[in-house]
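Undergrad: sequence plus the predicted model coming up.
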Amino acid sequence: MSLRLYDSLTRRLRPFKSLEPGRVRMYTCGPTVYDRAHIGNFRAFTWEDLLRRYLRFKGYEVCQVMNLTDVDDRTIAAASARGVPLADVTDPVIEMFLEDWETLGLEEPEHRPRATRFVEGMIRLIEALSERGLTYESEGSVYFAIGRAPEYGRLAGIDCAGLEVAGRAAGDEEYDKDDPRDFVLWKGADPDPDADGAVAVWDSPWGPGRPGWHLECSAMAMHHLGETLDIHTGGIDNLFPHHTNEIAQSEGVTGKTFSEFWLHAEHLLVEGRKMSKSLGNCFTIPELVERGHAPSAIRYLLLSGHHRAQLNFTFDGLEAAAKAVNRLYEFRNRLREAGEAETDASTGLGAVAARASAAFEAAMDDDLNVSEALSAVFGLVREANHLLDRAHPRAPSGVDAALATIDAFDRVFGVLAVRDRESSGGDDELVAWATDRVGERERARANRDFARADAIRAELEARGVIVEDLAEFTRLRMGGRTIQVPRPLRVAR
RNA sequence: GGCGCCGUGGCCGAGUGGUUAGGCAGGGGCCUGCAAAGCCCCCUACUCCGGUUCGAAUCCGGACGGCGCCUCCA
């Protein structure tokens, strides 16, 4: 079985093969760190994490680069407005970004370069482009002349020759471009020392200024990964102009293919509507967590739709996702417990697990069809539960194989790993109090004083603690967290 | 205007020329002091109108509806 991925450039599903056997070089467009990333941003990042994990599942070593855009109009505007250096805005945002990254259980990329540390490399790129006659200078700025790049616009499906040059550029103030569609490589600084751009000025052969937005990705990708990447990913909105311009710049310098595959994630809708500040639906990860939603559920929901389709993020969906995650979690627990029981060889999980494994891989091989892959996972859950019921009180054979399969699935989805973290910890004081109350409730139950036991449960529920009596212990659920309180040994009568 | 996407059961969401997607919700059952959780079973849809076909939700055409991009939003 082999992996096939939809490539935006050729607009077709193509078999994936890395340039270097066994090793994938992948560049993922990271966040602009002017404000905390929202769930829409994380939809793309979570999907990229899935891609990365699946490549590893397929046996590749992955070298992933994700940039941090810490200089652009918005970071500059934020710093200027507050009258502070750029880093005073970007450093805390980066910190929050990494926090959220961790919350969702995303794997660390091998490199996380910051644009402001790569300005020199960007200048070298502009020089190389200039030597090839692809640029022109105007009033301290340098532009890329797209008219001299014959392939320009292919990624976005834009036919430049037929494009109107006028369009929205008619009233444009930037009349210093030869062609309004050209994009800036180096933006000359405003001579006014009080101008907004003053927080971000570097020296260059063309005078003081700052690099254009698209340039950083070309520079950092090529620095870490070489002139040709295996995979370049990003949100669909980056198709044009960002990725289109990246290709123009990079290939303009090297004359080589910049990336073999271009993969794009569609946008997220929230409650059926486009995310926007005015609708107030640009939720961040901590906002959702504060509302009592578990990170594992957020991760599951973000992952559960195909990356090339818009995903509708809803609060109902979040609750459904939490239930689905829990089902997997309980299933794995059940397998772990069954592993210790005596085996009943007349029923076997091995074949069921092998079938699920094959279905999972076939689905993921097909352009990361997560929905279908999850269908295979839940198929295993259902069939295995059935066999576990039948073998009870003994265990079917093949429990280890089923457990290994679930673990392999989760190395790709990474949902149970996040869920595991939610089952421990919590507000120490509340936990101590609740544990104490449960102890008292257990004594009442042992005495068959159920009125008292129910009163204590109500008391706990008043403070947001849900009590569940299980065979071996009492489970307390508070918010997204779960705590197990062992049942005191009852004295035999 | 240009380029492109989508319309599946109460909700979310795969898929496909003839065979059960899956999750959540809902119904029934097991378990339980009660409850919850968990487990099992059930619940058979594809916007509309034409066409192609032995057969279409799946292919073609049209209509209606929704959406994205077209210079800095993942």
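TA: Nice, thanks for sending it over.
Undergrad: for the stretch 1-150 of chain A, what lies in contact range of RNA strand B?
TA: A:29, A:31-32, A:40-41, A:43-44, A:72-74 (Cβ under 7 Å from any atom of the strand). Every C-beta, even on glycine, is put in place using the N, C-alpha and C of the backbone.
Undergrad: rerun that using 6 Å as the cut-off
TA: A:29, A:31-32, A:40-41, A:43-44, A:72-73 (Cβ under 6 Å from any atom of the strand).
Undergrad: most widely separated two among the residues you listed?
TA: A:43 and A:73 (23.5 Å; Cβ to Cβ).
Undergrad: looking at those two, which is more packed in?
TA: residue A:43 (24 against 14; other Cβ atoms under 10 Å).
Undergrad: for residue A:351, grab the count of nearby residues.
TA: Neighbours of residue A:351 (other Cβ under 10 Å): 11.
Undergrad: for RNA strand B, what's its nearest residue on chain A.
TA: Using Cβ to the nearest atom of the strand, residue A:235 is the residue of chain A that sits closest to RNA strand B, at 1.6 Å.
Undergrad: and the closest residue to residue A:41 other than its chain neighbours, its phi and psi?
TA: Nearest non-adjacent residue to residue A:41, counting by Cβ to Cβ, 6 or more residues apart in numbering: residue A:31, 5.7 Å away. Phi and psi for residue A:31, reported as degrees, to the nearest 10, are phi -80, psi 160.
Undergrad: and for residue A:31, the neighbour number?
TA: 23.
Undergrad: so it is in contact with residue A:68, correct?
TA: Yes: using Cβ atoms under 8 Å, residue A:31 makes contact with residue A:68 at a distance of 6.7 Å.
Undergrad: okay, and the common contacts of those two?
TA: residue A:97 (Cβ atoms under 8 Å, 6 or more residues apart in numbering).
Undergrad: circling back: contacting residues around the residue nearest to residue A:41?
TA: A:37, A:41, A:45, A:68-69, A:97.
Undergrad: where in the stretch 351-493 of chain A is pLDDT low?
TA: Along the stretch 351-493 of chain A, segments meeting pLDDT under 70 span A:424-426, A:479-480, A:488-493.
Undergrad: which parts of it are strands?
TA: In the stretch 351-493 of chain A, the segments counted as strands under DSSP state E, counting those that start in this stretch are A:395-397, A:465-469, A:473-478, A:481-486.
Undergrad: for the residue nearest to residue A:149 when sequence neighbours are not counted, give me the pLDDT.
TA: Take residue A:149 and drop its neighbours on the chain: the residue closest to it by Cβ to Cβ, 6+ apart is residue A:248, 4.9 Å away. In this model, residue A:248 is scored at 93, pLDDT.
Undergrad: still on that earlier bit, who wins on neighbours among the contacts of residue A:31?
TA: Neighbour max across the contacts of residue A:31 (other Cβ under 10 Å) = residue A:45, 25 neighbours.
Undergrad: my read is that that one contacts residue A:101, right?
TA: Yes: counting by Cβ under 8 Å, residue A:45 touches residue A:101, with 7.3 Å between them.
Undergrad: identify the residues contacting residue A:146.
TA: A:152-153, A:160, A:179, A:181-183, A:248.
Undergrad: could I get the average pLDDT for whichever strand or helix holds residue A:102?
TA: Assessed by DSSP states H and E, residue A:102 sits inside helix A:86-103. Average pLDDT, helix A:86-103: 96.
Undergrad: report the buried residues of it.
TA: A:86, A:89-90, A:93-94, A:96-97, A:100-101, A:103 (16 or more other Cβ atoms under 10 Å).
Undergrad: so what's residue A:324 closest to, chain neighbours aside?
TA: Using Cβ to Cβ, 6+ apart, the nearest residue to residue A:324 is residue A:300, at 6.3 Å.
Undergrad: would you say that neighbour is within a helix?
TA: Yes: note on residue A:300: a helix contains this position according to DSSP: H, G, I helix; E, B strand; the rest coil.
Undergrad: surely residue A:189 and residue A:204 touch.
TA: No: in this structure residue A:189 lies outside contact range of residue A:204 using Cβ under 8 Å: 9.6 Å.
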